[in-house]
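> Give me a 3D structure for the following:
(chains A, B, C and D)
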2 protein chains.
Amino acid sequence: MAEKIRYSEDVLEIAKITKALSHPVRVYIIKKLAGMHSCCYSGDLVDEIPVGRSTLSQHLKELKYAGLIQGETEPPFIKYCLNRENWEKARVLFADLLELKK
Amino acid sequence: MAEKIRYSEDVLEIAKITKALSHPVRVYIIKKLAGMHSCCYSGDLVDEIPVGRSTLSQHLKELKYAGLIQGETEPPFIKYCLNRENWEKARVLFADLLELKK
DNA sequence: ATTTCATTTCGTAATTTTGCGAATCATTAA
DNA sequence: TTAATGATTCGCAAAATTACGAAATGAAAT
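Alright, predicted model coming up:
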């Protein structure tokens, strides 16, 4: 019986990111932020995404928890932006996994 | 009230892949297959990954369902390999999302 | 101080995921 | 044919995810 491994930091970090991106709502939001708009308002999202306000809030919370986005309060709205620093880390991890060039 | 969107094929496809990769066990397996070894045996995995046989089987099933791997029976073992065709598609989708070069 | 507006949190329900051991299946060896 | 071996499926339980509406929050306007 061989030794059981411990997941490397990379594996755990990738799983954390993929988990955050494992739902169409969240992929949609990140795709939007990673593209042209690097920020958007929760109010705009609720108009276009077919999901209730409170549900959207939970999805945003998960993306925040995973470190992929951050919210700046800009009364009376909340502006959500891509967390560029962590996004860069994600790019490195995925470039490695997928053997892509940065 | 603006129009609700429909998720694009890309968004749905990315969500399917990220969901398949949203667990450390499955990231570990894919990382292994995408690296040096492009194939491995279920029996070897069960020795190194801290999870029971039946549970591992379920994880492999999910990766298969998502199209990321395929299993060739090679009695008395089953050899799992990366599904290169779909992996290439995944690379394109992620390269786009992460703005990486192929 | 009260109202208003955008958003989040709470409470809850339905569904899915994860994990295990026991039972089953498929193939080879005896 | 019968055992042995490797792997999957079944049955189940615990935990997590997803979704919603109602209630609560916080900041600005009246």
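
> what about the longest helix along chain A, near chain B?
Secondary structure of chain A per DSSP state H: the longest helix is helix A:84-98. Yes: Helix A:84-98 reaches chain B (C-beta under 8 Å from any C-beta of the partner chain) through A:90, A:91, A:94, A:95, A:97, A:98. The C-beta positions use only the backbone N, C-alpha and C, and glycine is treated the same way.

> Quickly note the distance from the residue sitting nearest the centre point of chain A to residue B:47.
Ranked by distance to the mean C-alpha position of chain A (C-alpha atoms, centre = their mean), the top residue is residue A:68 at 3.8 Å. Relative to residue B:47, residue A:68 is positioned 34 Å away (C-beta to C-beta, to the nearest Å).

> same question, residue A:44
Taking C-beta to C-beta, one finds residue A:44 at 50 Å from residue B:47.

> Repeat that for residue A:76.
For residue A:76 relative to residue B:47 (C-beta to C-beta), the value is 57 Å.

> Which one's more surrounded, those two?
residue B:47 (13 against 6; other C-beta atoms under 10 Å in any protein chain shown).

> Sticking with the more buried one, tell me its helix or strand.
helix B:42-48 (DSSP states H and E).

> Give the next helix or strand downstream of that helix.
Helix B:42-48 is succeeded, C-terminally, by helix B:53-65 (DSSP H and E).

> Flag every buried residue along the host helix or strand of residue A:19.
For residue A:19, the host element (DSSP H and E) is helix A:9-20. Of all the residues in helix A:9-20, those buried under the rule 16 or more other C-beta atoms under 10 Å in any protein chain shown are A:11, A:13, A:14, A:15, A:16, A:17, A:18, A:19, A:20.
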